[in-house]
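Colleague: Pasting the sequence and the predicted coordinates here, then a few questions.
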Amino acid sequence: MKQKIYWRITVIAAVLLILLTFTPIVMPAGKIEPKLFSMPYTLWMSMLITIILVVLTYIGGRIYLKDEE
């Protein structure tokens, strides 16, 4: 039962993160500040979201495999 709850939390977090990606919070028009390691805001924010999605995919895969057993 715990795996289903964790699975749903992971899916909801991934969907919310994907929806957040296309909002002005992540992709503001014409904004390049603040810079991080000489990368514009949109680039490093997109990289951060990608890393979080990869981690959520890994967690979801581990949860789903446990559910099958």
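Modeller: Yep, that arrived. Please read all numbers here as calculations on a predicted model, not as lab measurements.
Colleague: which stretches of the protein aren't confidently modelled?
Modeller: Scanning the chain for pLDDT under 70 picks out the ranges 66-69.
Colleague: in it, which spans are helices?
Modeller: For the chain, the helices defined by DSSP state H occupy 2-21, 41-68.
Colleague: any chance of those in CSV, plus distance to residue 35?
Modeller: (C-beta placed from N, C-alpha, C; glycine too.) Shown next, in CSV, are those (distance: least, Cβ to Cβ, whole Å):
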stretch, distance to residue 35
helix 2-21, 20
helix 41-68, 7
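Colleague: Mind checking these for the one nearest to residue 34?
Modeller: Checking those against residue 34 by Cβ to Cβ gives helix 41-68 as the closest, at 6.0 Å.
Colleague: Which other helices and strands does the closest one contact?
Modeller: For helix 41-68, the packing partners by 3 or more Cβ pairs under 8 Å, 6 or more residues apart in numbering; DSSP states H and E come out as helix 2-21.
Colleague: Now do the buried residues in the helix it packs on.
Modeller: Neighbour counts over helix 2-21 (16 or more other Cβ atoms under 10 Å) mark 6-7, 10, 14 as buried.
Colleague: circling back to that earlier point, out of the helices of the chain, nearest to residue 28?
Modeller: Closest among those, using Cβ to Cβ: helix 41-68, at 7.4 Å.
Colleague: tell me the angle of that closest one relative to helix 2-21?
Modeller: 160 degrees (axes from the mean of the first three to the mean of the last three Cα atoms, to 10 degrees).
Colleague: Pull out the buried residues from helix 41-68.
Modeller: In terms of neighbour count (16+ other Cβ under 10 Å), helix 41-68 has its buried residues at 41, 45, 56, 59-60, 63.
Colleague: The helices of the chain: which one's closest to residue 29?
Modeller: Here helix 41-68 is closest among these (Cβ to Cβ), at 9.9 Å.
Colleague: ok now the closest one, how far from the chain's centre?
Modeller: Mean C-alpha position of helix 41-68 versus that of the full chain (Cα atoms, centre = their mean, to the nearest Å) differs by 6 Å.
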